[in-house]
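J.: Following is a predicted model, sequence given first.
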Amino acid sequence: MAASTHTVTNQAPPLVGYDVFTADRALAKAVERHVDPGLLDEVRGELSALGRSAGSAQLQEWGAQANENPPRLRTHDRYGHRVDEVDFHPAWHRLLGKGVAAGLTAAWGRPAGHVRRAAGFLVWSQVEAGNGCPLSMTHAAVPALRTDPELAAEWEPRLTSMVYDRELRPAHLKAGALFGMGMTEKQGGSDVRANTTSARPLAEAGAYELTGHKWFCSAPMSDAFLVLAQAPGGLTCFLVPRILEDGSRNVFLVQRLKDKMGNRSNASAEVEFAGTWARRVGEEGRGVRTIIGMVAATRLDCVLGSAGLMRQAVAQAVHHCTYREAFGGRLVDKPLMRNVLADLALESEAATTLALRLAAAYDDDGEQERALLRIAVPAAKYWVTKRCAPLAVEAAECLGGNGYVEDSGMPRLVRESPLNSIWEGAGNVQALDVLRALRREPQAFDAYLREVGRARGADHRLDAAIKNLLTELADLEGIEARARRLVERLALVLQGSLLVRYAPPEVADAFCAARLGGDGGAAFGTLPHTLPLAALVERARPVS
């Protein structure tokens, strides 16, 4: 016999059935800004289709399933043969297939390829962040492979084919392929020059035998990996295929999968090489220089991934507060909650605007843009990824107890939020990389100053921040110890300059007041009350 004790009211409906791309005004405007008008309708249509898919109940269910059913390692088959395979839930393969088909590994060579791919990656990160890892590494492998034209000719068409082929077989039999990367080892971490994995030359030209290990090797089911190992001539980059040309398995010993705080859908493995066949990429002793293009591209994807997570967290918070009532009115109309939501929205828009500007620099590929990326990518990687975790926690708090429950999706966002600040070099690594660029590549800082200088005179707080930045850089004493402060200011000034140039006046004014002018606190929700907070929240609303 059914019984009812109460009527369920005052609960926000699920945020589903919407276009994730079109509903993100900051992202849509950034795409409009950076894509040629003659191509814009095509790109918008492509991204809107992806956005509708990302906002569907079906794909959000797949994202939850992929995380609730993490990958499992199968080291041997039923007969005792070593296979080193990782089994994934079907939802993982469905999502990864859609991501590949959407062009998230196919930026290189397409018109506006990096901007359209960056916007798509930002949208897709809001469905399920874990499969962003193989998508990112496959995309980022291209510049490293291009240092060897023969390898690029063999692999690049498969990496950019927009076909997901999950079967393990030789590359020449596949329509599409995924790439991974293995750099860090137990003893070194980010200090890759401390790597001990050795590479012994074989008789075949360019072929080597690897002995050693990799402590973190994500997406171990990929078709091939770019790894660093010590050759006779020094640290060198190598391509390690899972399956050899004759169809036999390469020696790729997966020891175990990491039990991670977040990113549960994606496998991260400990791998050993014991007589593993590898092909040299680039010259001996120039491994870091060879692989650095891949590292830079994945660092930008860390920025994009964090921007996507931030946008989804803000969208969920604003959506909830639009429907939820307390103390006689909607939460979104309460002055204090409105301040919190506006502050979160401001942070999210600044991250998106910066990320898309950097993607546009890849499309331009001119000397000035490459110089700008040298400083702007590690600075953005440092700052945006660090802002993701506190924003996700604050957004979850907007949902109250509901935000602490797995069904809401917010705990998954919170667990995911610190990852991009660790991947591809944690905060100190990024800050020190910026210092290296400032010391060794003066053209990089010149390009940065030209970029932020385009907004000079438009806001006195931005002008003052640029002046203070120059003063701080003029004093080199103790610069390493204060590198984090310096890189934070570099990122904030760049964000401020972009918002002043491109965002609505209320967004630019709020950012310059709170982030550059000192008129804001350490916690979210401390914007000056005189700002048009309601307009900031409305701009961030995912569904009108």
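T.: Structure's in. What do you need?
J.: Can you give the domain ranges for this protein?
T.: Per the record, the chain has its domains at 39-285, 289-540, by automatic domain parsing.
J.: Make TSV from those and add mean neighbour count and distance to residue 6 to it.
T.: C-beta coordinates here come from the backbone N, C-alpha and C atoms, glycine included. Written out in TSV, the entries for the domains of the chain read as follows (neighbours: other C-beta atoms under 10 Å; distance: least, C-beta to C-beta, whole Å):
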stretch	mean neighbour count	distance to residue 6
domain 39-285	19	26
domain 289-540	20	16
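J.: centre of the chain versus the longest strand that the chain contains, how much separation?
T.: Counting residues, the longest strand found in the chain (DSSP state E) is strand 268-281. Computed by C-alpha atoms, centre = their mean, to the nearest Å, the separation of strand 268-281 from the middle of its chain amounts to 25 Å.
J.: Past that strand, which element shows up next along the chain?
T.: Remark: after strand 268-281, the chain's next helix or strand is helix 287-323, criterion DSSP states H and E.
J.: ranges for the helices of the stretch 101-250 of the chain?
T.: Counting by DSSP state H, counting those that start in this stretch, residue ranges of the helices within the stretch 101-250 of the chain are 113-124, 132-145, 149-159.
J.: quick one, which of the ones you listed is nearest to residue 252?
T.: Counting by C-beta to C-beta, residue 252 lies closest to helix 132-145 out of those; the figure is 15.6 Å.
J.: Using PDB, write out every CA atom in that closest one.
T.: Extracted C-alpha coordinates of helix 132-145, given in PDB (Å, rounded to 0.1, in the frame of the first residue of the first chain):
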ATOM      1  CA  GLY A 132      39.600  14.700 -21.900                       C
ATOM      2  CA  CYS A 133      43.000  13.100 -21.000                       C
ATOM      3  CA  PRO A 134      43.400  10.800 -24.100                       C
ATOM      4  CA  LEU A 135      41.700  13.500 -26.200                       C
ATOM      5  CA  SER A 136      44.300  16.100 -25.000                       C
ATOM      6  CA  MET A 137      47.300  13.900 -25.400                       C
ATOM      7  CA  THR A 138      46.300  12.700 -28.900                       C
ATOM      8  CA  HIS A 139      45.800  16.300 -30.000                       C
ATOM      9  CA  ALA A 140      49.100  17.400 -28.400                       C
ATOM     10  CA  ALA A 141      51.300  14.700 -29.800                       C
ATOM     11  CA  VAL A 142      51.200  16.200 -33.300                       C
ATOM     12  CA  PRO A 143      53.900  19.000 -32.800                       C
ATOM     13  CA  ALA A 144      56.300  16.500 -31.300                       C
ATOM     14  CA  LEU A 145      55.700  14.000 -34.100                       C
END
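J.: Packing partners of that helix?
T.: helix 90-101, helix 113-124, helix 149-159, strand 179-182, strand 207-218, strand 224-231, helix 287-323 (3 or more C-beta pairs under 8 Å, 6 or more residues apart in numbering; DSSP states H and E).
J.: Make TSV from these and add mean pLDDT to it.
T.: As requested, those are exported to TSV (pLDDT from 0 to 100):
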stretch	mean pLDDT
helix 90-101	98
helix 113-124	98
helix 149-159	96
strand 179-182	95
strand 207-218	96
strand 224-231	97
helix 287-323	97
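J.: Which residues are in contact with residue 17?
T.: Residue 17 sits next to 55, 56, 57 when contact means C-beta atoms under 8 Å, 6 or more residues apart in numbering.
J.: How is it assigned, secondary-structure-wise?
T.: Taking DSSP: H, G, I helix; E, B strand; the rest coil as the rule, one finds residue 17 in the coil state.
J.: Check it and give its pLDDT.
T.: Each residue has a pLDDT score; the one for residue 17 is 96.
J.: Distance check, it against residue 210.
T.: Relative to residue 210, residue 17 is positioned 49 Å away (C-beta to C-beta, to the nearest Å).
J.: surely residue 70 meets residue 264?
T.: Yes: the pair formed by residue 70 and residue 264 meets the contact definition of C-beta atoms under 8 Å, at 4.7 Å.
J.: For residue 387, which non-adjacent residue is closest in space?
T.: Taking C-beta to C-beta, 6 or more residues apart in numbering, and ignoring the residues beside it in sequence, residue 387 has residue 347 as its nearest neighbour in space, at 5.8 Å.
J.: Likewise for residue 361?
T.: According to C-beta to C-beta, 6+ apart, the nearest residue to residue 361 is residue 369 (4.0 Å).
J.: ditto for residue 432
T.: residue 483 (6.3 Å).
J.: Repeat that for residue 126.
T.: The shortest distance from residue 126 to any residue other than its chain neighbours is 4.0 Å, reached at residue 312 (C-beta to C-beta, 6+ apart).
J.: residue contacts, the one you found?
T.: Residue 312 makes contact with 125, 126, 413, according to C-beta under 8 Å, 6+ apart.
J.: So what does the first one have for phi and psi?
T.: Meaning residue 125. The main-chain torsion angles of residue 125 are listed as degrees, to the nearest 10 and equal phi -60, psi -20.
J.: The last one too?
T.: According to degrees, to the nearest 10, the main-chain angles of residue 413 amount to phi -60, psi -40.
J.: And the pLDDT for it?
T.: As predicted, residue 413 sits at a pLDDT of 98.
J.: quick one: contacts for it?
T.: By C-beta under 8 Å, 6+ apart, the contact list for residue 413 reads 309, 312, 313, 316, 392, 395, 396.
J.: Would you reformat those residues as a markdown table and include distance to residue 258?
T.: Written out in a markdown table, the entries for the contacts of residue 413 read as follows (distance: C-beta to C-beta, whole Å):
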| residue | distance to residue 258 |
| --- | --- |
| 309 | 20 |
| 312 | 24 |
| 313 | 24 |
| 316 | 28 |
| 392 | 21 |
| 395 | 27 |
| 396 | 24 |
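J.: I'd like to know which of those residues is nearest to residue 41.
T.: Within the contacts of residue 413, distances to residue 41 taken as C-beta to C-beta reach their minimum at residue 312, with 26.3 Å.
J.: sorry, back to before: ok, so what distance separates the residue nearest to residue 361 from residue 500?
T.: With C-beta to C-beta as the criterion, residue 369 and residue 500 are 20 Å apart.
J.: can you map out the helices along the stretch 401-544 of the chain?
T.: Per DSSP H, counting those that start in this stretch, the stretch 401-544 of the chain has helices spanning 410-416, 419-422, 427-440, 442-453, 460-474, 483-502, 505-511, 533-540. These are given in chain order.
J.: Now residue 308. Nearest residue, chain neighbours left out?
T.: Looking at residue 308 with C-beta to C-beta, 6+ apart, the closest residue is residue 125, at 3.1 Å.
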